[in-house]
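In: Show me the folded form of this:
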Amino acid sequence: MKYIHKDLAGGRWFNMPFIEQMANIGSEVERTINWREKNSEFSKMAFERGLELLDLTIIDPKNKRRLKEICRLREVLADYFCFDNIYGSTDKNMHDYFYAFNYAAAIKRGV
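Out: Residues are numbered from 1 along each chain as shown. Sure, this is the predicted structure:
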């Protein structure tokens with residue numbers, strides 16, 4: 001498989017704590033939202049990077065007890081950005097969900 005994040009897929013991603021993984025995914029989701037109106041190609045690229053990071057999170061053995069949430073998140077993101085948004089997601093929902101991970105990651109880093 002050809003990865004966008006070659007160094008992360010090579011093992012670095014699996015050394016990150018779950019909170020850091022989710023914060024990074026959240027950053028790509030924010031980029032997807034921010035670019036959506038300005039440049040659809042950049043938005044699409046950010047979404048694809050986010051999905052790749054989410055897929056790496058799904059295959060990370062330390063996250064096997066969290067698979068239900070992670071897989072549902074993948075479903076919700078795909079629904080929101082690519083399909084009919086049957087879950088009624090909003091930009092604010094996405095921001096609020098990932099904010100907690102970004103905040104926790106910042107605290108852990110001592111920022």
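
In: Can you pull the poorly scored residue ranges out of the chain?
Out: For the chain, the stretches with pLDDT under 70 are 1.

In: any chance you could map the helices in it?
Out: All helices of the chain, identified by DSSP state H, fall at 6-7, 18-36, 40-59, 67-82, 91-109.

In: which helices and strands sit right next to the second one?
Out: Packed against helix 18-36, as judged by 3 or more CB pairs under 8 Å, 6 or more residues apart in numbering; DSSP states H and E, are the following elements: helix 40-59, helix 91-109. Backbone N, C-alpha and C define where each C-beta goes, glycine included.

In: Quick check: which of these is buried the most?
Out: Comparing the helices and strands packed on helix 18-36 on average neighbours per residue, with mean count of other CB atoms under 10 Å, the densest one is helix 40-59 at a mean of 17.

In: Dump that helix to CSV, keeping only the CA atoms.
Out: Coordinates of each C-alpha in helix 40-59 appear next as CSV, following Å, rounded to 0.1, in the frame of the first residue of the first chain:
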residue,chain,number,x,y,z
SER,A,40,-11.9,21.7,-2.9
GLU,A,41,-8.7,19.9,-4.0
PHE,A,42,-6.8,20.9,-0.8
SER,A,43,-9.9,19.9,1.2
LYS,A,44,-10.0,16.5,-0.5
MET,A,45,-6.3,16.0,0.2
ALA,A,46,-6.7,16.8,3.9
PHE,A,47,-9.6,14.4,4.1
GLU,A,48,-7.6,11.6,2.6
ARG,A,49,-4.7,12.3,5.0
GLY,A,50,-7.1,12.2,7.9
LEU,A,51,-8.6,8.9,6.7
GLU,A,52,-5.1,7.4,6.4
LEU,A,53,-4.3,8.5,9.9
LEU,A,54,-7.6,7.1,11.1
ASP,A,55,-6.9,3.8,9.3
LEU,A,56,-3.5,3.6,11.0
THR,A,57,-5.2,4.2,14.3
ILE,A,58,-7.6,1.4,13.6
ILE,A,59,-4.8,-1.1,13.0
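
In: Tell me how far it lies from the chain's centre.
Out: 7 Å (CA atoms, centre = their mean, to the nearest Å).
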